[in-house]
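# quick check, what structure comes out for this input:
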Amino acid sequence: MNTAYLIHLANYSDGVLYLLALLLLVALAVMVDRFWYLRRTILRGHVFVQELSRHGRMNRETLEKLADRAGDLPEAALLRSAADHYGQVKDEALASRLEERILITAPQLDRRLWILDTIVTLAPLLGLFGTILGMFHAFSVLAQPGHAPTAVTGGVADALVATASGLFIAMLGLVAFNAFNNQVRMILLQLDSLKTMLLNRMDGHPMVGGEGSAQIATATVQAVGRAG
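This next block holds a predicted model:
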């Protein structure tokens, strides 16, 4: 399969294969970007939550230091919110404020995943459209005098390449989309675990080495292990 034949296939679908190639490039760019960001966030967040589980009672200064150490992790926003509300609200009110921060942070995690979702739906439809256009070219040979049957069958085969390409892009995008959604769910679980730890460590009861922190840390380790 040489370049001239690929150009022939693209022209046979009236340019639809060019659009499919563009969709594939966009999908690959989103996959690389999201894989790098989400995997890095999960691994760093796991280490950070593990370290936090060994802390006892926290005050505003400790929370601010931990937030600075978290850097650009989603956990940093949660820690800063806890530091801002330290001594002002507690119990259910504090839990509500932390939950609000998680909800605000969540859209940053699945950013650009809508592009993959759109490509998964659009690519097969574009492929089918390209095949239909190719069929027009294939069967137009029947209108010509002295046509050869192989010209029709060969044209049909060329037309089906568009559908096959669209299905391949959709399958690739679907696998990546589901994997990234699972990683987003794991990060949200880490944030929820962090919220519980903060509530337990801001109520005046130290939990260093306690059963509660061990259970939370174990649950986080198991969840991240399943994500990997």
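# restricting to C-alpha, output stretch 104-117 in PDB.
Listed next in PDB are the C-alpha coordinates belonging to stretch 104-117 (Å, rounded to 0.1, in the frame of the first residue of the first chain):
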ATOM      1  CA  ILE A 104     -15.500  22.800  41.600                       C
ATOM      2  CA  THR A 105     -12.300  20.900  40.900                       C
ATOM      3  CA  ALA A 106     -14.000  17.900  39.200                       C
ATOM      4  CA  PRO A 107     -14.400  19.600  35.700                       C
ATOM      5  CA  GLN A 108     -10.700  20.200  35.500                       C
ATOM      6  CA  LEU A 109     -10.100  16.400  35.700                       C
ATOM      7  CA  ASP A 110     -12.200  15.400  32.700                       C
ATOM      8  CA  ARG A 111     -11.300  18.400  30.600                       C
ATOM      9  CA  ARG A 112     -11.200  17.600  26.900                       C
ATOM     10  CA  LEU A 113     -12.600  14.200  27.300                       C
ATOM     11  CA  TRP A 114     -15.800  15.400  25.600                       C
ATOM     12  CA  ILE A 115     -13.600  15.600  22.400                       C
ATOM     13  CA  LEU A 116     -12.900  11.800  22.600                       C
ATOM     14  CA  ASP A 117     -16.600  11.200  23.300                       C
END
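# distance from it to the middle of the chain?
7 Å (C-alpha atoms, centre = their mean, to the nearest Å).
# remind me what the biggest helix by length in the chain packs against, helices and strands.
Across the chain, the helix with the greatest residue count (assigned by DSSP state H) is helix 149-201. Applying 3 or more C-beta pairs under 8 Å, 6 or more residues apart in numbering; DSSP states H and E, one finds that helix 149-201 contacts helix 3-12, helix 16-52, helix 74-84, helix 91-109, helix 113-140, helix 211-227. Using the backbone N, CA and C atoms, a C-beta is placed for each residue, glycine as well.
# pick the most buried one from those helices.
Greatest average neighbour count among these goes to helix 74-84 (a mean of 22), per mean count of other C-beta atoms under 10 Å.
# quick one: low-confidence residue ranges for the chain.
Applying pLDDT under 70 to the chain flags the ranges 1-6, 8-13, 89, 138-155, 203-228.
# give me the residue at the spatial middle of the chain.
residue 180 (3.2 Å; C-alpha atoms, centre = their mean).
# that residue against residue 114, yeah?
No - counting by C-beta atoms under 8 Å, residue 180 does not reach residue 114; the two are 11.3 Å apart.
# returning to that earlier point: now find how far off-centre the longest helix of the chain is within its chain.
For helix 149-201, the distance to the chain centre is 9 Å (C-alpha atoms, centre = their mean).
# tell me the buried residues in stretch 162-180?
Across stretch 162-180, burial judged by 16 or more other C-beta atoms under 10 Å covers 162-163, 165-166, 169-170, 172-174, 176-177, 180.
# including distance to residue 64, could these go into JSON lines?
As requested, these are exported to JSON lines (distance: C-beta to C-beta, whole Å):
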{"residue": "162", "distance to residue 64": "57"}
{"residue": "163", "distance to residue 64": "57"}
{"residue": "165", "distance to residue 64": "53"}
{"residue": "166", "distance to residue 64": "52"}
{"residue": "169", "distance to residue 64": "47"}
{"residue": "170", "distance to residue 64": "47"}
{"residue": "172", "distance to residue 64": "44"}
{"residue": "173", "distance to residue 64": "41"}
{"residue": "174", "distance to residue 64": "43"}
{"residue": "176", "distance to residue 64": "37"}
{"residue": "177", "distance to residue 64": "37"}
{"residue": "180", "distance to residue 64": "32"}
